[in-house]
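>>> how does the following fold in three dimensions:
(chains A, B, C and D)
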2 protein chains.
Amino acid sequence: MTMSHTGGRRKPPTIHDVAREAGVSRGTVSRVLNGGHYVSPAAQEAVNAAIRKTGYVVNRHARSLITGRSDSVGFLLTEPQERFFEDPNFNVLLRGCTQALAAHDIPLLLMLAGTEDERRRITRYITAGHVDGVLLVSSHSGDPVAEELREAGVPLVACGKPIGLGSKVSYVAADDRDGARDMVRHLLSLGRRRIGVVTGPLDTPGGVERLAGYREVLAEAGIAADERLVVSGDYSRASGEAGAERLLAQAPDMDAVFVASDLMAQGVLAALHRAGRRVPEDIAVGGFDDSPAATAAAPALTTIRQPWDRISNEMVRVLLAQIGGEDPAAVILPTELVRRDST
Amino acid sequence: MTMSHTGGRRKPPTIHDVAREAGVSRGTVSRVLNGGHYVSPAAQEAVNAAIRKTGYVVNRHARSLITGRSDSVGFLLTEPQERFFEDPNFNVLLRGCTQALAAHDIPLLLMLAGTEDERRRITRYITAGHVDGVLLVSSHSGDPVAEELREAGVPLVACGKPIGLGSKVSYVAADDRDGARDMVRHLLSLGRRRIGVVTGPLDTPGGVERLAGYREVLAEAGIAADERLVVSGDYSRASGEAGAERLLAQAPDMDAVFVASDLMAQGVLAALHRAGRRVPEDIAVGGFDDSPAATAAAPALTTIRQPWDRISNEMVRVLLAQIGGEDPAAVILPTELVRRDST
DNA sequence: CATGCTTCTGTGAGCGTTCACAGTAGAGAA
DNA sequence: TTCTCTACTGTGAACGCTCACAGAAGCATG
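Numbers count the residues shown, from 1 in each chain, chains lettered A, B, ... in the order given. Model (predicted):
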């Protein structure tokens, strides 16, 4: 048995040590730790001093054992992970959630459920009560994990409206349809009339809603629908590239294209460049997300900003409320058109 | 008190329930749970059946309370976070670590320590034993968190060799110097002689080592050092752009540039494009990382691949070994030149 | 004076596990 | 037989905390 020579972790002080130091009982220390109700100012002061002196930090395992809560939440990714990790939005969301939770002193457990095996393992882990709630990042319909968690009564907040999960699950989303409407109206206002669209996957809310907004505005403007102007991607850069090529082939007279994500829009720009079309002179390009990809693109993308900081904050707020016993809630946040050089 | 109508979390089965179901004692169940030594095949079988039947999952809080281990590790980011979250490498690393840990059934806690306050909070959290060890992503020297953790004897593995942390801390890194040497030799082999460099921050190992490799190879080739060909960036895209502008101003006859990260190289490409220099005809550009940014760039970047999957695996392996009582270790992994269109 | 209420404090029990220890049974050796 | 050794099993005692409860003290009210 070798003892580390660099420090060595000695036994941390317990609530007993603090109580002894402060000259009070365990109960009083515990009360101070949990809000300080029914504690005299003198005792309050003595306990706080003792905590500072001993360097006491509550043992969360002991606390969780008795309270049944774990005081931690999971951040669950059920998609094939490459896509999310490629997507800069994901970063912003993860960072925002971590920070919002840190403000409540709640650690975030990152969980990836890509394969069937992992799915099972993680579902068991969660339903066993190892986290109090789950922030879910999975937009595809028919996600078995989400369904299982919902049935098990685990507090759950999805990012984006989950398709096919009934209405009993909380979610926070940007107003996809409204954002799409803004972008298409913007393109119309520039005099464009042959406006194409590269949608997201049509089993995701972003895919469906943004397409719906596009169709609505064109219909309202009295422009006949033309299915040659509509193609679908999967939010990846490569799919944007492929989509643009298909659009150019099907509708060579296209003078604008609304792309349902900035990353796909990067691909679109690349394809247009290769095809010798100038942006925005020949074809205006509008993205969606306002991710770092938007400013990294050349030309910088006009896009629809999703309020990611607000989204992550709201997800955490709604989740904590639900853990606290409140009913599920849906939050829809407004988007904003950001004009840059691509339109 | 409202009971959720959608499932409701009922009290999970305990080791007692399993023991009763299997007709054995708690002790036997516990032994099965922990490797099954000194358990008869019959009991083994009965316990496993009972676990399946009851859906038992061990309560980690109770276990941690007595073992003193938490069976979780932290992933700690001490930098101003924007940079890391902007950097695609970070994603790959985070994903790799999460997966490698999942294979050991160990959850990963994501921790961000950007501000001074967060730093204090997190240090307390960690030293209180809430995680068994820490995967540290912070390359700058003089990081107070890293130093405190090291002194507190918390098992720690850094990504990249930490500067100024003594030699007693484990780390896993790609062979920065060797990678840089490969790239510069490659540029030389193309006949380039006026080779510039955009380094990383010079208080990071990647900044120092890659520059050292560059200087070594040029010296070996008998090319005199020219400080007009050396500028520093901070790994951000914008700093690459600024760096390239400075290089073009200081050394207009530059015919190649080695950039210490792909993200900076993207910026370099943008600046060169604006300046009307063709890549690779006029100026060859070599990156470092082989991150998604490399293939996203136009033209696709020739770069040095860092073996991120191996790095994350090794970080986890070394950390677990250290938690298990082994001494700190340093692991250096080879890099690989990936030739694309920018050279 | 008794009674009740409010504010505060200490104590015992117990959360679900693991660990140390004390057994038991059976086999083999003296 | 008796003893030892091995393989296995059960039990009490923790781990550090919160919770329920019992009480004490102070003060107003009947």
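
>>> is residue A:171 part of a helix or strand, or is it coil?
Of the three states, residue A:171 takes strand according to DSSP: H, G, I helix; E, B strand; the rest coil.

>>> nearest spatial neighbour of it, skipping sequence neighbours?
Using CB to CB, 6 or more residues apart in numbering or on different chains and skipping the chain neighbours, the partner closest in space to residue A:171 is residue A:158 (4.2 Å). No exception for glycine: its C-beta is placed from N, CA and C like everyone else's.

>>> what do you get for residue A:138?
Per CB to CB, 6+ apart, closest to residue A:138 is residue A:78, 4.0 Å.

>>> pLDDT value on the closest residue to DNA strand C within the stretch 201-343 of chain A, please?
Taking CB to the nearest atom of the strand as the measure, the stretch 201-343 of chain A has residue A:323 as its residue closest to DNA strand C, at 19.0 Å. Looking at residue A:323, its pLDDT stands at 94.

>>> just checking, it touches residue A:135?
No. With contacts counted by CB atoms under 8 Å, residue A:323 stays clear of residue A:135, the gap being 11.5 Å.

>>> mind listing what the residue nearest to residue A:138 touches?
A:113-114, A:119, A:136-138, A:143, A:145-146 (CB atoms under 8 Å, 6 or more residues apart in numbering or on different chains).

>>> from DNA strand C, how far off is it?
For residue A:78, the distance to DNA strand C (CB to the nearest atom of the strand, to the nearest Å) stands at 26 Å.

>>> shared neighbours of residue A:323 and residue A:135, anything?
In contact with both residue A:323 and residue A:135: residue A:73, using CB under 8 Å, 6+ apart.

>>> okay, those two: which has more neighbours?
residue A:135 (29 against 18; other CB atoms under 10 Å in any protein chain shown).

>>> what kind of secondary structure is that one in?
strand.

>>> phi, psi for residue A:130 please.
Phi and psi for residue A:130, reported as degrees, to the nearest 10, are phi -80, psi -10.

>>> meant to ask about residue A:335
phi -110, psi 180.

>>> for the residue of the stretch 201-343 of chain A closest to DNA strand C, give me its contacts.
Shown in contact with residue A:323 (CB under 8 Å, 6+ apart): A:69, A:73, A:132-133, A:155.

>>> picking up where we left off before, show me what the host helix or strand of the residue nearest to residue A:171 is packed up against.
Taking DSSP states H and E as the criterion, residue A:158 maps to strand A:156-159. Applying 3 or more CB pairs under 8 Å, 6 or more residues apart in numbering or on different chains; DSSP states H and E, we find strand A:156-159 packed against strand A:133-137, helix A:144-151, strand A:170-174, helix A:308-323.

>>> would you map the helices across chain A?
Taking DSSP state H, the helices of chain A run over residues A:15-22, A:26-33, A:41-54, A:60-67, A:81-86, A:88-102, A:116-125, A:144-151, A:176-189, A:205-220, A:237-250, A:262-274, A:292-296, A:308-323.

>>> most tightly packed of these?
helix A:262-274 (a mean of 25; mean count of other CB atoms under 10 Å in any protein chain shown).

>>> between helix A:237-250 and it, find me the angle.
50 degrees (axes from the mean of the first three to the mean of the last three CA atoms, to 10 degrees).

>>> CA atoms of helix A:262-274 as PDB?
Extracted in PDB, the C-alpha atoms of helix A:262-274 (Å, rounded to 0.1, in the frame of the first residue of the first chain):
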ATOM      1  CA  ASP A 262     -25.900  27.100 -41.400                       C
ATOM      2  CA  LEU A 263     -23.800  24.000 -41.700                       C
ATOM      3  CA  MET A 264     -25.800  22.900 -44.700                       C
ATOM      4  CA  ALA A 265     -25.600  26.400 -46.000                       C
ATOM      5  CA  GLN A 266     -21.800  26.100 -46.000                       C
ATOM      6  CA  GLY A 267     -22.100  23.100 -48.200                       C
ATOM      7  CA  VAL A 268     -24.500  25.000 -50.400                       C
ATOM      8  CA  LEU A 269     -22.100  27.900 -50.800                       C
ATOM      9  CA  ALA A 270     -19.400  25.500 -51.800                       C
ATOM     10  CA  ALA A 271     -21.600  23.900 -54.400                       C
ATOM     11  CA  LEU A 272     -22.700  27.200 -55.800                       C
ATOM     12  CA  HIS A 273     -19.100  28.400 -56.000                       C
ATOM     13  CA  ARG A 274     -18.100  25.300 -57.900                       C
END
